[in-house]
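**Student:** model this:
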Amino acid sequence: MSPKKSPYFELKSGSVDTLLFVVKTTELDAMRAELTRRFEATPEFFANDTVAIDLRRLADGEQVALGDIARLLESVRMRPIGVVAHPEQHGWAAEAGLPFLEARDKRVTGGAAKAEAQIEEIASDAAGKSTGAPSAATQPELFDQDALERVPQAGNDDADADTRGGAPREATLVVDRPLRSGQRVYAKGDLVVLGMVSNGAEVIAEGNIHIYAPLRGRALAGVHGNHDARIFCTSLEAELISIAGIYRTTEVPLSDDVRGKPAQIRLDEEKLLIEPLRLT
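**Tutor:** Numbers count the residues shown, from 1 in each chain. This next block holds a predicted model:
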């Protein structure tokens, strides 16, 4: 038998889908408070997800206690598997004992056109380009949340002001392409998705979520505690639905009157209600 072939195991190159936890500060207490605030609203959303600690946004000369960050991530049920760093950071980062990883992320730097281009590129990569050939980029790319929050939306500035208090409302984010497994979209206001949300895809909004296609992945509305938020979809087949941190997974089967049919999800005090949506 050739030494290069074995019936027992293989060693081969490949890429692994993982989240990047991008460190922007050396203030661990502030990081801990923000992480707790963000994830206590959706305790199951990133549970057991693998994550790489990305140090590349730190300023020159800044250092953080990677061991403390790893334990912080584990406290919210995430699993740190390595570090992404510039070569000049390798010396002190190696002390944590985590392996160094190479990231192939493509960051959105702002603007609706660039966000649109990234959505199209990810969809093309996942489908294997127009020729049907396998894509070289096998790792699903993650949207840069900070960039998505800055995507400008068309509309009248006056109409976007809250008439009750004069505060500006967050614009609605519209995604007009299907979302495939591994893709995540975050909206600071309402989110409208015009294509299917596939299994493994995730849509998150601080306001309402409208999906005019099958919802098969995860949808989390009102993630900062907005109990009035709702989820609307034309075909409910979701892996997980959540409003203001109150969630339901496929472990609890949907009733026949909403499974695979138009539905809305809302809260009645602390109870998640799933109701048929009458479109006619």
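
**Student:** Please enumerate the strands of the stretch 1-150 of the chain.
**Tutor:** Under the criterion DSSP state E, counting those that start in this stretch, the stretch 1-150 of the chain carries strands at the ranges 19-22, 50-54, 79-84.

**Student:** need those in a markdown table with mean neighbour count and mean pLDDT, can you?
**Tutor:** For every residue, glycine as well, the C-beta is placed using N, CA and C. Shown next, in a markdown table, are the strands of the stretch 1-150 of the chain (neighbours: other CB atoms under 10 Å; pLDDT from 0 to 100):
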| stretch | mean neighbour count | mean pLDDT |
| --- | --- | --- |
| strand 19-22 | 18 | 84 |
| strand 50-54 | 20 | 89 |
| strand 79-84 | 19 | 92 |
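
**Student:** out of the ones you listed, which comes closest to W92?
**Tutor:** strand 79-84 (10.8 Å; CB to CB).

**Student:** wait, doesn't A205 sit right on L191?
**Tutor:** Yes - with contact defined as CB atoms under 8 Å, A205 reaches L191; the gap is 3.9 Å.

**Student:** Which one of the two is surrounded by more residues?
**Tutor:** Using other CB atoms under 10 Å as the criterion, A205 and L191 rank with A205 on top: 28 against 25.

**Student:** Now the more buried one: phi and psi?
**Tutor:** Main-chain torsions, A205, degrees, to the nearest 10: phi -150, psi 150.

**Student:** what's near enough to touch it?
**Tutor:** Taking CB atoms under 8 Å, 6 or more residues apart in numbering as the criterion, A205 is in contact with 173, 186-191, 220-223, 229.

**Student:** swap the cut-off to 10 Å and go again
**Tutor:** Shown in contact with A205 (CB atoms under 10 Å, 6 or more residues apart in numbering): 170, 172-173, 185-193, 219-224, 226, 229, 231.

**Student:** Need the pLDDT of it.
**Tutor:** Predicted confidence (pLDDT) at A205: the value is 92.

**Student:** burial count for V258?
**Tutor:** Using other CB under 10 Å, the number of residues around V258 comes to 19.

**Student:** Can you report phi and psi for it?
**Tutor:** Main-chain dihedrals, V258, degrees, to the nearest 10: phi -130, psi -20.

**Student:** could you check the distance from it over to F100?
**Tutor:** Between V258 and F100 the computed distance is 47 Å (CB to CB, to the nearest Å).

**Student:** Can you lay out the strands of the stretch 1-150 of the chain as a markdown table showing distance to Y212?
**Tutor:** Converted to a markdown table, the strands of the stretch 1-150 of the chain look like this (distance: least, CB to CB, whole Å):
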| stretch | distance to Y212 |
| --- | --- |
| strand 19-22 | 28 |
| strand 50-54 | 32 |
| strand 79-84 | 35 |
